[in-house]
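Q: coords please:
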Amino acid sequence: MLQSRSVRTSRHLPLLLGNRLPVRTADVSTGGFSLEAPFVFMPGSLLHGTLEVAGRELPFRGEVVWARPAGQPEAPSRMGVRFTEVAPEARCLLEE
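A: Down below sits the predicted model:
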């Protein structure tokens, strides 16, 4: 059975992890996002926070599904996060 994947778009949206660590998304879809940060969480880590979309702060919960630690001291690490919980209005705003 073929699964459809949500379309990812390159969008840099403000994000607060744990409601206190500010980062930005590198790309985002209705299913999740990737982010670049000066730290890395390993796959399987559970995250929560708020995503700012269209001037609104929307809560989410997610799971890190992949992680690439930085290869150089000044380079950011990158992680992919799948939403496990997100407000329905967030999905609508992310489709725009």
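
Q: buried sites along the lowest-mean-pLDDT helix or strand in the chain?
A: Within the chain, no helix or strand scores below helix 88-95, which has a mean of 77 by mean pLDDT, DSSP states H and E. Applying a neighbour-count criterion of 16 or more other Cβ atoms under 10 Å, one finds Ala90, Arg91, Leu93, Leu94 buried in helix 88-95. All C-beta spots, glycine's among them, are computed from the backbone N, C-alpha and C.

Q: equivalent analysis for stretch 28-43, please.
A: Val28, Ser29, Thr30, Gly31, Gly32, Phe33, Ser34, Leu35, Glu36, Ala37, Val40, Phe41.

Q: quick check: closest non-adjacent residue to the residue most central in space within the chain.
A: The centroid of the chain falls nearest to Phe33 when counting by Cα atoms, centre = their mean (3.3 Å). Excluding its sequence neighbours, the residue lying closest to Phe33 (Cβ to Cβ, 6 or more residues apart in numbering) is Thr25, at 4.4 Å.

Q: okay, now the one you found: neighbour count?
A: 23 (other Cβ atoms under 10 Å).

Q: which strand residues bridge it?
A: Leu35 (DSSP bridges).

Q: list the contacts for it?
A: Residues near Thr25 by Cβ atoms under 8 Å, 6 or more residues apart in numbering: Arg11, His12, Leu13, Leu15, Phe33, Ser34, Leu35, Leu51.

Q: which residues are in contact with Ala70?
A: By Cβ under 8 Å, 6+ apart, the neighbours of Ala70 are Pro38, Val40, Pro76, Ser77.

Q: which of those fall within strands?
A: Secondary structure defined by DSSP state E assigns Ser77 of the contacts of Ala70 to strands.

Q: just checking, Leu16 touches His48?
A: No: the criterion here is Cβ atoms under 8 Å, and Leu16 misses it with His48 at 9.7 Å.

Q: so which bits of the helix or strand hosting Leu47 are buried?
A: Using DSSP states H and E, the element containing Leu47 is strand 46-53. Buried residues in strand 46-53, counting neighbours by 16+ other Cβ under 10 Å, are found at Leu47, Gly49, Thr50, Leu51, Val53.

Q: lovely, talk soon.
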